[in-house]
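this is a predicted model, with the sequence first.
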Amino acid sequence: MAMSTAWLRWARWATVLPLAWLAALALTDHLGANPIEQLIRELGTWALIWLCASLCVTPLRKLAGPTGFVALGALAPLRRTFGLSAFTYAILHFCAYAGWDQGFEIESILKDVLKRPFIAVGMAALVGLSVLAATSPKSVVRRLGGVRWRQIHRLIYAVVLLVLLHFWWHKAGKNDFARPLAYSGVIALALLARLAWAGIEWRRRRALRKAS
């Protein structure tokens with residue numbers, strides 16, 4: 001148990017490392033020829049990475065099973081950690097874009113949204129992530145109740161598709177499809193695994209009802 005707790009603690013700290021790495025690159029002037037664009041892009045990519053990690057937690061726990069490796073079996077708390085990390089990096093991604101790229105001018109941001117639909121998709125994803133983050137504290141879960149909370153958090157599926165579309169759209173403009181394909185594959189596997197286990201659970205419950 002102590003090993004599992006330590007493993008989880010280090011995994012939580014790992015979510016801060018990309019931000020520290022980006023800060024070090026910025027301070028040492030190693031963000032390339034266009035540092036603002038590079039920073040905006042990297043923050044957005046890490047938001048997608050943590051979102052992928054959050055979606056993979058449940059399939060990994062299912063694969064581990066009740067007798068699986070203790071670290072995999074104890075992954076459940078990291079689903080929330082990775083989800084909140086995705087939200088944090090998404091907010092920083094938006095702030096970097098709105099501040100350094102648009103000067104926090106609302107009119108300029110709105111014009112950019114209308115001009116470039118992939119940004120509108122990103123904004124919609126950020127709103128969805130904000131709802132999920134706002135309803136993640138345990139006190140909010142208790143007030144909402146388990147059933148309503150689960151209904152709200154099904155929004156994650158729409159959010160992840162919007163984030164993926166935002167990423168694809170941006171990379172398509174640069175003829176870069178390698179990373180979008182990789183992240184799409186991870187997300188597809190995670191969602192297919194969830195569907196498969198949901199189907200297995202439904203058949204098990206149906207069999208139990210027939211038996212009784």
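Received it, and whenever you're ready, just let me know what you need. Numbering: from 1, shown residues only.

residue 121: neighbour count?
21 (other C-beta atoms under 10 Å). Yep, even glycine has a C-beta here, placed from its N, CA and C like the rest.

nope, residue 37 is what I meant
Neighbours around residue 37, by other C-beta under 10 Å: 15.

and the closest residue to residue 37 other than its chain neighbours, how close does it get to residue 114?
Using C-beta to C-beta, 6 or more residues apart in numbering and skipping residues adjacent in sequence, the residue nearest residue 37 is residue 101, 7.7 Å away. As judged by C-beta to C-beta, to the nearest Å, residue 101 and residue 114 stand 16 Å apart.

neighbour-wise, which of those two wins?
Neighbours were counted for residue 101 and for residue 114 using other C-beta under 10 Å; residue 101 has more, 15 against 10.

got a list of what that one touches?
Going by C-beta atoms under 8 Å, 6 or more residues apart in numbering, residue 101 touches 36, 37, 40.

let's see which of the residues you listed end up in strands.
With DSSP state E as the criterion, strands contain none of the contacts of residue 101.

mind putting those in JSON lines, distance to residue 175 included?
Shown next, in JSON lines, are the contacts of residue 101 (distance: C-beta to C-beta, whole Å):
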{"residue": "36", "distance to residue 175": "22"}
{"residue": "37", "distance to residue 175": "16"}
{"residue": "40", "distance to residue 175": "19"}
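
mind checking which helix or strand the residue nearest the centre of the chain is in?
Compute the mean C-alpha point of the chain, and by C-alpha atoms, centre = their mean the closest residue is residue 51, 1.6 Å away. If you go by DSSP states H and E, residue 51 is part of helix 35-64.

buried stuff in that helix?
Judged by neighbour count using 16 or more other C-beta atoms under 10 Å, the buried positions of helix 35-64 are 38-61, 64.

please enumerate the helices of the chain.
Under the criterion DSSP state H, the chain contains helices at 2-14, 17-27, 35-64, 70-73, 76-96, 106-115, 117-134, 138-144, 146-153, 155-172, 178-211.

go through those helices and find the least confident stretch.
Lowest mean pLDDT within those: helix 70-73, at a mean of 50.

quick one on the thing from earlier: what angle sits between the helix holding residue 51 and helix 76-96?
170 degrees (axes from the mean of the first three to the mean of the last three C-alpha atoms, to 10 degrees).
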